[in-house]
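[1] I would like the atomic coordinates for the input below:
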Amino acid sequence: MANGSFKPTAKMAANATLGLELRKRFGRGGTEVGVRRARQLAAREDLAAADIKSMYSYFARHAVDKNTTRYVWGSTEDPSAGFIAWLLWGGDEGKVWVGKQREKLG
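    Numbers count the residues shown, from 1 in each chain. The predicted structure is shown next:
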């Protein structure tokens, strides 16, 4: 962790890349903020403490999106907008990783 920054994992980058691909293919999921975050993660850019806090808040607010009844969570054939957005933010691996980084920030 150089200069207070945090490097996303390869799996988070892969999830973000998949999210961008699914968003383009299906025309749904995520906001422009989520797209910017996905591009950061896909490039494995170092994230600042403010990014960690933002990601932590996103996952806390959107865990409920997994309770979809119209779509099968995790499907790449007909994904929900919530699943695509979740991937844009790093997916399940991103949620676990950002939780650990948030603890370090206090």
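[2] can you spell out which helices and strands pack onto whichever helix or strand residue 33 is part of?
    For residue 33, the element it lies in under DSSP states H and E is helix 32-42. If you count contacts as 3 or more C-beta pairs under 8 Å, 6 or more residues apart in numbering; DSSP states H and E, helix 32-42 packs onto helix 10-26, helix 49-62, helix 81-88. C-beta coordinates here come from the backbone N, C-alpha and C atoms, glycine included.
[3] now with 6 Å?
    helix 10-26, helix 81-88 (3 or more C-beta pairs under 6 Å, 6 or more residues apart in numbering; DSSP states H and E).
[4] could you give the mean pLDDT of that helix?
    Computed over helix 32-42, the mean pLDDT rounds to 97.
[5] give me the contacts around that helix.
    Helix 32-42 has contacts (C-beta atoms under 6 Å, 6 or more residues apart in numbering) with 8, 12, 13, 16, 17, 19, 20, 85, 88, 89, 90.
[6] having no further points to raise, I will conclude here.
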